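J.: Structure, please.
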Amino acid sequence: MKIGNREISPDHPPLVIAEIGINHGGSLEVAKEMVRLAAGAGCEVIKHQTHFIEDEMTDEAKHIFPPNADVSIWHVMERCALSADDEVALKNYTESLGMIYISTPFSRKAADFLEEIGVPAFKIGSGEADNLPLIRHIARKGKPVILSTGMQTIDTIRRSVAILDEAGVDYALLECTNLYPSPAEIVSLRGVTDLKTAFPKAVVGFSDHSIGPEMALASVALGACILERHYTDSRYRVGPDIINSMDPAELRFLIDRSKEIWTAARNPKMRTEAEEPVYRFARASVVADRDLPAGHVITEADIWARRPGSGEIAGYDFDKVVGKTMARAVSRNTQLSWADFNKGHPAE
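T.: Here you go, the predicted model:
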């Protein structure tokens, strides 16, 4: 999968997406400051939310109060949505700092608008994960799609994935839990591997609504190629998503640590060159555990393995020494060598 010039796959470090969403509270200047700080933290992708309320909701939404807000969902979005002109300005500013700008369209009009302004990919949020007409409308535009799968099961998202497959677009599926914040008791890290198994064509990632970086970082070890978290310039702001948002310092931490985990997760089990000096003193060598005369036949009680590992016979060859006959006398704690025995090395 590729968004802009950024390759996204298990062969590349995880892509960290900073979701500003509606944390700017409707202020373009605040949104720009968030973007500026994200660029300084090394962020590659900014994600926004595009809301054209009249095309997104019916009047019933004015009576629906989200668990993390004190006003209706209609009024939350009415207060926090950027105008079309402001969003264009935000996209231009983001790209001027070398970052990729994407957004979540919550309506057909929003999807068309984002297509018009040239976003390189679309994000579909968990709330729209089974909105088949919207997914179909977005998929027909032929651009990569990142689909969050919160509140869904493997079976309930099959039809949505089928639409993406039929459209022939590249897509990513993000494991997600939609409670703000999400406690560990309901977060599913296993969801990352379940999605990989069920949808082998998909790039798989993790959209994190927990507090702290631990869950997102753990998902990298399981193969998550995309990490998405809500982001703000300061958690002292007021807003429904602030409670589980990371600040610029945490964003930098997530970017750096996720790269380290990705690197370490790909390393095979082996003794590295850097470990060799440690291995030479930390391992054990076979030594005489008592004074041993020439002609003595070695029993297990005659020898032991002690540091350092500079002796010729390593501790893992302990059993090969038992039964051999001493060619010369040695004193206790002498590091033994194969020349100390009548038949020498077992391979001889």
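J.: Which of the helices and strands in this structure ranks last by mean pLDDT?
T.: Here the helix or strand of the chain ranked lowest by mean pLDDT, DSSP states H and E is helix 73-80, holding a mean of 87.
J.: After that one, which helix or strand is next?
T.: helix 84-96 (DSSP states H and E).
J.: what stretches of this protein score poorly on pLDDT?
T.: Residues of the chain meeting the criterion pLDDT under 70: 68, 348.
J.: can you list the domains in it?
T.: 11-266, 273-340 (automatic domain parsing).
J.: Please identify the deepest-packed of these.
T.: Among the domains of the chain, ranked by average contacts under mean count of other C-beta atoms under 10 Å, first place goes to domain 11-266 (a mean of 19). Backbone N, C-alpha and C define where each C-beta goes, glycine included.
J.: Correct me if wrong: residue 106 contacts residue 124.
T.: No: Residue 106 is beyond contact range of residue 124, at 9.5 Å (criterion: C-beta atoms under 8 Å).
J.: Wait, a helix at residue 70?
T.: No: checked against DSSP: H, G, I helix; E, B strand; the rest coil, residue 70 lies outside a helix; its state is coil.
J.: residues touching it, list them.
T.: Taking C-beta atoms under 8 Å, 6 or more residues apart in numbering, we find residue 70 in contact with no residue.
J.: before we move on, back to that, adding distance to residue 2 as columns, could you present the domains of the chain in JSON lines?
T.: Compiled in JSON lines, those are given as follows (distance: least, C-beta to C-beta, whole Å):
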{"stretch": "domain 11-266", "distance to residue 2": "7"}
{"stretch": "domain 273-340", "distance to residue 2": "34"}
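J.: Check whether the residue lying closest to residue 219 once chain neighbours are set aside sits in a helix, strand or coil.
T.: Among residues not flanking residue 219 along the chain, residue 206 sits closest, at 3.7 Å (C-beta to C-beta, 6 or more residues apart in numbering). State at residue 206, reduced to three classes by three-state DSSP: strand.
J.: pretty sure residue 206 contacts residue 229?
T.: No: look at residue 206 against residue 229 with C-beta under 8 Å: they stay out of range, at 9.0 Å.
J.: Quick check: neighbours shared by the two?
T.: The contact sets of residue 206 and residue 229 overlap at residue 216 (C-beta under 8 Å, 6+ apart).
J.: Do a quick rundown of the strands in this structure.
T.: Here the chain has its strands, by DSSP state E, at 2-3, 6-7, 15-21, 45-50, 100-105, 122-124, 145-148, 171-176, 203-208, 226-230, 285-288, 303-306.
J.: how about the ones you listed in JSON lines, adding distance to residue 341?
T.: Shown next, in JSON lines, are the strands of the chain (distance: least, C-beta to C-beta, whole Å):
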{"stretch": "strand 2-3", "distance to residue 341": "63"}
{"stretch": "strand 6-7", "distance to residue 341": "58"}
{"stretch": "strand 15-21", "distance to residue 341": "59"}
{"stretch": "strand 45-50", "distance to residue 341": "65"}
{"stretch": "strand 100-105", "distance to residue 341": "67"}
{"stretch": "strand 122-124", "distance to residue 341": "70"}
{"stretch": "strand 145-148", "distance to residue 341": "66"}
{"stretch": "strand 171-176", "distance to residue 341": "59"}
{"stretch": "strand 203-208", "distance to residue 341": "57"}
{"stretch": "strand 226-230", "distance to residue 341": "58"}
{"stretch": "strand 285-288", "distance to residue 341": "11"}
{"stretch": "strand 303-306", "distance to residue 341": "11"}
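J.: quick one, which of those is nearest to residue 252?
T.: Residue 252 sits nearest to strand 15-21 of all the strands of the chain, at 9.7 Å, using C-beta to C-beta.
J.: what's the angle between the closest one and strand 203-208?
T.: Interaxial angle, strand 15-21 versus strand 203-208 (axes from the mean of the first three to the mean of the last three C-alpha atoms, to 10 degrees): 40 degrees.
J.: Can you list the helices and strands that strand 15-21 packs against?
T.: Counting contacts by 3 or more C-beta pairs under 8 Å, 6 or more residues apart in numbering; DSSP states H and E, strand 15-21 packs against helix 28-40, strand 45-50, strand 226-230, helix 248-266.
J.: Dump those to a markdown table, plus distance to residue 20.
T.: Formatted as a markdown table, these follow (distance: least, C-beta to C-beta, whole Å):
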| stretch | distance to residue 20 |
| --- | --- |
| helix 28-40 | 5 |
| strand 45-50 | 6 |
| strand 226-230 | 8 |
| helix 248-266 | 11 |
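J.: Out of the ones you listed, which is closest to residue 102?
T.: strand 45-50 (5.3 Å).
J.: Within its sheet, name the partner strands of that closest one and how each one runs.
T.: strand 15-21 (parallel), strand 100-105 (parallel) (DSSP bridges).
J.: chain center to it, what's the gap?
T.: 19 Å (C-alpha atoms, centre = their mean, to the nearest Å).
J.: between that strand and helix 28-40, how big is the angle?
T.: Going by the same axes, to 10 degrees, strand 45-50 makes 160 degrees with helix 28-40.
J.: Next, the angle from strand 45-50 to helix 84-96.
T.: Using the same axes, to 10 degrees, the inter-axis angle of strand 45-50 relative to helix 84-96 is 180 degrees.
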